[in-house]
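**Student:** Here you go, sequence then predicted model.
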Amino acid sequence: QAQLVETGGGLVQAGGSLRLSCAASGRAFYAMGWFRQAPGKGREFVAGISSNTAIRRYADAMKGRFTISRDNAKNTVYLQMNSLEPEDTAVYYCAARSSPGIIGTTPQQYEYWGQGTQVTVSS
């Protein structure tokens, strides 16, 4: 049974950093990514990475501040978030897809989801 478990969320002041982790189990995944959802808004793409880490994709608002990485030996994907802003406050979700292809930016392009971890950035 495939499972994704996120950890690392919390409360941080504006300008601070957090690193989220997503531990995957149960099967091999091709693309893995992070989405976020703020109250009253839809689920928004943050970043994605291919299985061999050669392809990484970011939403424009995260470029230069967030870094996605992947350790296949640990079956874990990470999201390093720097220069956090109050607008980054959201529940962050790990997502994965088992089939190869482009690194999708919509939720429909991912099959598996974690339970989410809250990130709150205070001003």
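**Tutor:** The structure has been received and is ready for your questions.

**Student:** Excluding covalently adjacent residues, which one is nearest to the residue nearest the centre of the chain?
**Tutor:** Centroid-nearest residue in the chain, with CA atoms, centre = their mean: W34, separated by 2.1 Å. Spatial nearest neighbour of W34, excluding adjacent residues (CB to CB, 6 or more residues apart in numbering): V46 at 4.2 Å. The way it works is simple: take the backbone N, C-alpha and C, and place the C-beta from them, glycine included.

**Student:** and the closest residue to F29 other than its chain neighbours, what does it touch?
**Tutor:** What sits nearest to F29 in space, not counting adjacent residues and going by CB to CB, 6+ apart, is A96, at 4.0 Å. Listed by CB atoms under 8 Å, 6 or more residues apart in numbering, the contact set of A96 reads 2, 4, 24, 29-33, 110-113.

**Student:** Among those residues, which one lies nearest to L18?
**Tutor:** For the contacts of A96, the closest approach to L18 (CB to CB) belongs to G33, at 17.1 Å.

**Student:** Right, I'll call it a day here.
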